[in-house]
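Colleague: Everything below, folded, please.
(4 chains)
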There are 2 protein chains.
Amino acid sequence: MSHADRRAQILSTASDFFAENGLTGPTRRLAEAAGVSQRLLYRFFPTKENIVAEVYREEILGAFKGKWFADLQDRSLPIEQRITTFYVDYLDTTLTRKWMRLFLYASLADSSMAPDYIASIVTQLLEVLIKEAAAELDVTLPDDRAMIHEMAWTLHGGISHYAIRRHIYKASLQVPESSIVAMHVHLFLAGLGPMIEACSDAR
Amino acid sequence: MSHADRRAQILSTASDFFAENGLTGPTRRLAEAAGVSQRLLYRFFPTKENIVAEVYREEILGAFKGKWFADLQDRSLPIEQRITTFYVDYLDTTLTRKWMRLFLYASLADSSMAPDYIASIVTQLLEVLIKEAAAELDVTLPDDRAMIHEMAWTLHGGISHYAIRRHIYKASLQVPESSIVAMHVHLFLAGLGPMIEACSDAR
DNA sequence: GATATAAGTCGTCAATTGACGACAAGAAAT
DNA sequence: ATTTCTTGTCGTCAATTGACGACTTATATC
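Modeller: Numbers count the residues shown, from 1 in each chain, chains lettered A, B, ... in the order given. Below is the predicted model:
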């Protein structure tokens, strides 16, 4: 098998392996899973840490789509539909079992695998999302950007946590995913106006 | 030092140790952290797994208060205040750094450390919470219990995910915690009615 | 066919791991 | 003072770990 192909195959196996067994999973079991001798791993990667880092780069950082930004701002569609469509896709492509487990293992290991980059992307996403919502609902957002982000997190966090319940806590979920997304989005859009009002009053 | 005291001290150290280093942290480092020889651990616990299990029992399962059920149902106070007070306390006592990290490490390890018990408690909590909210808002909940739970999860999941962002992702959070809780609760109460209506219409 | 180069494995090293037997120090009881 | 029991440590065992040198096998190039 060619160098590039073998490397890709190992990385693909590794992403599944580390997602299931944690970043501390032994290289011998990883090699076994890849159908390869343990020694061969070190022909492609200098250290085990390097394998983990490569998996992280490919699987975690590569899971975001630029298209989302454009779609969320397509005002020819109602905001509820735009957000719902986005989250159905987001759950399907990014908040998968593999992604969530890798991301949590990496975050827990405090390994400086900078979640800053991801935080930055998500923040941009949230900012677009809530600005579009505010525009269609005709409400004015507060000036404080940190506060705006937290408002958007009430929606984004709820859906992210649904993915955690599903993939990490292995909760038995009976309500179909599309209904759940619809609920979260509807609640958010219905409550956004009142929430902003309450925030202004409190000040 | 007496047997009981020493055991308690080891467990206390172990809970911090495993929370920070993961359930795979070595016994030698744990012993060192406890200021004790590694051998001594095995005078109190038959295996390392047993230490982890004991930590889990004490720290994870022991973090829930029966008082919450009573307080949430005290109709002499407005529901918004009841829920807000509950979540401020919940974040402070249960969704701590230590608790979250232990719980996530345990959940990821798929170890059958039955999260069923916790799921059961949380479900009861959510059912009380949303029933009280529906009562005060004078809206009727759907019959489907699974659906009711998911509705409550829009609030509970959002706040839980805030704790994850804070303690696991180490996000820099600028907005004070009390404001965040207030936002989530207000959004939920404002959106609950419309969300329920949308659910009925969809059917 | 000879030869070089790439693909891959075997066996091993030192370090680390969970676990435990053997022993030491101290207190309590007789 | 001797015995006995508790509290504790030292040193060690076998298994596992990441890493790598030495070797084999296949493929391609001349």
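
Colleague: so does stretch A:45-57 get close to chain B?
Modeller: No. With C-beta under 8 Å from any C-beta of the partner chain as the criterion, chain B is not reached by stretch A:45-57; the gap is at least 14.4 Å. Placement of C-beta: from N, CA and C, glycine included.

Colleague: go on, stretch A:136-146?
Modeller: Yes. Contact of stretch A:136-146 with chain B (C-beta under 8 Å from any C-beta) involves A:144, A:146.

Colleague: buried ones in that stretch?
Modeller: residue A:141 (16 or more other C-beta atoms under 10 Å in any protein chain shown).

Colleague: With just CA atoms, put it into CSV.
Modeller: Extracted in CSV, the C-alpha atoms of stretch A:136-146 (Å, rounded to 0.1, in the frame of the first residue of the first chain):
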residue,chain,number,x,y,z
GLU,A,136,-36.3,39.2,11.7
LEU,A,137,-37.9,39.6,15.2
ASP,A,138,-37.2,43.3,15.0
VAL,A,139,-35.7,43.6,18.4
THR,A,140,-32.5,45.4,19.2
LEU,A,141,-29.6,43.5,20.8
PRO,A,142,-27.7,44.9,23.8
ASP,A,143,-24.3,46.5,23.1
ASP,A,144,-22.3,44.1,25.3
ARG,A,145,-21.0,41.5,22.9
ALA,A,146,-20.3,39.0,25.7
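
Colleague: in chain A, which helix has the most residues?
Modeller: The residue-count maximum for a helix in chain A (DSSP state H) belongs to helix A:177-202.

Colleague: I'd like the distance from it to the chain centre, please.
Modeller: 21 Å (C-alpha atoms, centre = their mean, to the nearest Å).

Colleague: Show me what counts as buried in it.
Modeller: Result for helix A:177-202 [16+ other C-beta under 10 Å]: buried residues A:177, A:180-193, A:195-196, A:198-199.

Colleague: where are the low-confidence patches of chain A?
Modeller: A:111-112, A:114, A:203 (pLDDT under 70).

Colleague: Repeat the analysis, applying 90 as the threshold.
Modeller: A:1-3, A:110-117, A:170-172, A:199-203 (pLDDT under 90).

Colleague: Which residue ranges make up the domains of it?
Modeller: A:3-59, A:64-202 (automatic domain parsing).

Colleague: Quick check: residues of chain A near DNA strand C?
Modeller: A:1, A:2, A:3, A:6, A:36, A:37, A:38, A:39, A:40, A:43 (C-beta under 7 Å from any atom of the strand).

Colleague: Residue A:121 versus the third one, what's the distance?
Modeller: What it means is residue A:3. With the distance defined as C-beta to C-beta, to the nearest Å, residue A:3 ends up 32 Å from residue A:121.

Colleague: And the two? Which one has more around it.
Modeller: Under the criterion of other C-beta atoms under 10 Å in any protein chain shown, the comparison of residue A:3 against residue A:121 puts residue A:121 first, with 16 against 9.

Colleague: Count the neighbours of the residue nearest to the more buried one when sequence neighbours are not counted for me.
Modeller: Nearest residue to residue A:121, sequence neighbours excluded (C-beta to C-beta, 6 or more residues apart in numbering or on different chains): residue A:64, at 5.4 Å. Residue A:64 has 18 neighbouring residues, counting by other C-beta under 10 Å.

Colleague: Ok, the one 4 residues further on next?
Modeller: Other residues near residue A:68 number 21, with proximity taken as other C-beta under 10 Å.

Colleague: List the contacts of the helix or strand encompassing it.
Modeller: Per DSSP states H and E, residue A:68 falls inside helix A:67-72. Helix A:67-72 is contacted from outside by A:82, A:83, A:85, A:86, A:89, A:90, A:124, A:125, A:128, A:129, A:132, using C-beta atoms under 8 Å, 6 or more residues apart in numbering or on different chains.

Colleague: How much space separates the residue nearest to residue A:121 from DNA strand D?
Modeller: 29 Å (C-beta to the nearest atom of the strand, to the nearest Å).

Colleague: May I ask which of the contacts of helix A:67-72 has the most neighbours?
Modeller: Busiest of the contacts of helix A:67-72 [other C-beta under 10 Å] is residue A:83, holding 27 neighbours.

Colleague: List the contacts of the closest residue to it other than its chain neighbours.
Modeller: Nearest non-adjacent residue to residue A:83, counting by C-beta to C-beta, 6+ apart: residue A:185, 5.0 Å away. Residues near residue A:185 by C-beta under 8 Å, 6+ apart: A:80, A:83, A:84, A:87, A:155.

Colleague: residues in chain A within reach of DNA strand D, list them.
Modeller: A:24-29, A:38-39, A:42, A:46-49.

Colleague: all helices of chain A, in order?
Modeller: A:3-21, A:27-34, A:38-44, A:48-55, A:67-72, A:79-93, A:97-108, A:116-137, A:145-167, A:177-202.

Colleague: quick one: buried residues of the shortest one?
Modeller: Taking 16+ other C-beta under 10 Å as the neighbour-count basis, helix A:67-72 is seen to contain the buried residues A:68, A:71, A:72.

Colleague: DNA strand C: which of those residues is nearest?
Modeller: Nearest to DNA strand C among those is residue A:68, at 37.4 Å by C-beta to the nearest atom of the strand.

Colleague: how near is that closest one to residue A:126?
Modeller: Relative to residue A:126, and taking C-beta to C-beta, residue A:68 is found at 11 Å.
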